[in-house]
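A.B. asks: Quick one: sequence plus predicted model below, questions after.
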Amino acid sequence: MNHKLLLVNGITLLYRESQLIDAHENSAALVREIIQTIKLPEISVGIDHERDILNNLKNTALTMCETTLGHEYEQAELLQRLKINTLDEESLYDALCDGIVNTLTDKQLKRTCLNIRRTLTNYFQEEKVKEIVNKAAHALKFTRNKITDMKKFVAELSTQLEPYQVDLIHKDPAIISSVDMSKIEEVQNVFVDVQQAVSGTNKLLTGWQGMNRMLDGGFSGGEEWVFGALQHNYKTGTSLSIFMDIARYNTPVLRDPNKKAALVRISFEDPLVQNFQFMYQRLIGIDALEAGRPLPEQEELDRLMVEGLTSEEVIDLRLTGHSKDEKARRSKAEQKLAGIHAAVIQNKLGVNGFTTFFLHVNPSLWTYRDICNKVIEIESEGYEVQLCQVDYLLKVPTTGCDGKAAGEDIRNMYERLANFMKARNILFQTPHQLSTDAKMLIREGKLGFVQALVGRGYFAGSKQIDQVVDGELFFHIETLNGIVYLTIQRGKHRKVGVTKFEDLYLVLQFHPLYGLLPDIKTGDTSRAKIGGGVIGSGDETPWWDLE
């Protein structure tokens, strides 16, 4: 990259970061590192002032690096200095003015800082990669005889390159949080978090009373949860229901009151059209249930699914012909219905102030780093992400993750995402398919399937995931006398205290049209046994267990 452009970007970034409200850090360390890569020409020839201009701008950038956090620049004073720095190069001065003079909204300011920081970070990483690779190439080409162990040489080279495989916000990535005990305000901030944990104000409730008991009040920010189940056992349905219910039954508690609360769901499997049809249908059931009305039967549900269309538009919607006229009519009806459904879902999920983001992504083209970058991008738009749900992480290549033995790369991917989310206090959830070892329990006719999974590490691809995550929920569908149930067992939960044993296992009954409906605003629908009545009914244990 052109050295003048690097300095323009560095000076612009430091100036714009000084305008950020409540900034906790700046990019001074990054700009210093960039400056160190800029080599001045040996001499200036004739009227060529390249060396003088670069030296002037380097000194200005270094001076800005030394200012305290929150320093307010006098724009006119800074521009005067830059005018002198650039000598007679008007285009360079104009570029600096463009970065400093324009008035930006808060959103534009954050995005500008993020984009410039990424540009400089990428440049710095590229320069370090060149340096490492060139040094290794020189050793191979000219001092090959000094390399006594090629495998060790390659391993050391890989270790040196590994940090540059990851997109980083320029601060120590190992430090998630810290407290200086000499600063009472930092200690107080920790105890504010403690009080919120005890009171439950920082918990995210699910829609089921039994699951909230299982979680000691709900999910907490910064936790990483894995939802384990065999294929076709409602992993997507349960996780999507949890996502919906977190939006509907919680009021955002923001760390930064100037931001907006966001929930993010990334699907690597089902297209959004399936997710939205599922949500719309479930919302119809929830509305009826919480209003005390009978749940609509199939015929009524079919009508409600196209409510808002005229009878002619409903007919158009069902056209299957390929003529230009029929396709146009069908498309028009589909667009109108999509608008109706979108407005309903937006209103229902945004009722308490959460903004929800849904993405369907080709997993072959993403890595865990892209998940992190998407969160950073949403944050740059002025949002505070409180939940990131991925359906499901196992589909993503483990590019950039460490691991020599089988499964270690998957474990490392979970570890890297956990560290990223913890640093931002973001709840992270992902379903994960169980291994063939777990299938053997089904073949053997094992009763209490989900209860037998705890502590066994039966996750596809890696037996070590349970060592990394903060919590595990296991799901399995059971059918008895034509009635379908979802059995749920909580496994690991990294927390203070012990959950009551009877709350670690939960049975929920499916509705044939609406799946698992929430009970947080109605009566508790938790069951202790398949075939038994709801808890508190006096009929919790089925008759055959009493004999």
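C.D. replies: Noted; the coordinates are in hand. Remember, predicted model here, so these are calculated numbers, not experimental data.
A.B. asks: what about the stretch 251-400 of the chain, any weak spots by pLDDT?
C.D. replies: Residues of the stretch 251-400 of the chain that meet the criterion pLDDT under 70 are absent altogether.
A.B. asks: What ranges does it have for its strands?
C.D. replies: The residue ranges that make up the strands of the stretch 251-400 of the chain, judged by DSSP state E, counting those that start in this stretch, are 260-267, 355-360, 383-391.
A.B. asks: right, and the secondary structure at the closest residue in space to residue 160 that isn't next to it in sequence would be what?
C.D. replies: Distances taken as Cβ to Cβ, 6 or more residues apart in numbering put residue 132 closest to residue 160, at 5.0 Å, once the chain neighbours are dropped. Placement of C-beta: from N, CA and C, glycine included. Taken by DSSP: H, G, I helix; E, B strand; the rest coil, the conformation at residue 132 corresponds to helix.
A.B. asks: In contact with residue 132, which residues?
C.D. replies: With contacts taken as Cβ atoms under 8 Å, 6 or more residues apart in numbering, residue 132 has the following neighbours: 157, 160-161.
A.B. asks: Lowest-confidence member of the residues you listed, which is it?
C.D. replies: When these are compared by pLDDT, residue 160 scores lowest at 75.
A.B. asks: Look up how far residue 347 lies from it.
C.D. replies: When Cβ to Cβ, to the nearest Å is applied, the distance between residue 160 and residue 347 equals 52 Å.
A.B. asks: Please say which of these two ends up with more neighbours.
C.D. replies: Comparing residue 160 with residue 347 by other Cβ atoms under 10 Å, the one with more neighbours is residue 160, at 16 against 10.
A.B. asks: in a strand, that's where that one is, yeah?
C.D. replies: No - according to three-state DSSP, the state of residue 160 is helix, so it is not within a strand.
A.B. asks: what about residue 416, how many residues close to it?
C.D. replies: Other residues lying near residue 416 total 22 when counted by other Cβ under 10 Å.
A.B. asks: on that earlier part again, could I get the contacts of residue 132 as TSV with distance to residue 101?
C.D. replies: Conversion of the contacts of residue 132 to TSV gives the following (distance: Cβ to Cβ, whole Å):
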residue	distance to residue 101
157	46
160	42
161	40
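A.B. asks: which residue ranges form the helices in the stretch 251-400 of the chain?
C.D. replies: When assigned using DSSP state H, counting those that start in this stretch, the helices of the stretch 251-400 of the chain occupy the ranges 272-290, 298-305, 311-317, 324-349, 368-380.
A.B. asks: What of the stretch 401-547 of the chain?
C.D. replies: 408-423, 436-443.
A.B. asks: could these go into JSON lines alongside mean pLDDT and distance to residue 102?
C.D. replies: Converted to JSON lines, the helices of the stretch 401-547 of the chain look like this (pLDDT from 0 to 100; distance: least, Cβ to Cβ, whole Å):
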{"stretch": "helix 408-423", "mean pLDDT": "91", "distance to residue 102": "32"}
{"stretch": "helix 436-443", "mean pLDDT": "85", "distance to residue 102": "58"}
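A.B. asks: got a markdown table for these, with distance to residue 238 too?
C.D. replies: A markdown table is the format used below for the helices of the stretch 401-547 of the chain (distance: least, Cβ to Cβ, whole Å):
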| stretch | distance to residue 238 |
| --- | --- |
| helix 408-423 | 19 |
| helix 436-443 | 17 |
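A.B. asks: Return the most buried member of those.
C.D. replies: Mean neighbour count (mean count of other Cβ atoms under 10 Å) peaks for helix 408-423 among those, with a mean of 21.
A.B. asks: which residues touch that helix?
C.D. replies: Applying Cβ under 8 Å, 6+ apart, the external contacts of helix 408-423 come out as 166, 173, 176-177, 222, 224, 226, 368, 371-372, 375, 388, 393-394, 396, 398, 401-403, 427-428, 461-462, 464-465, 467-470.
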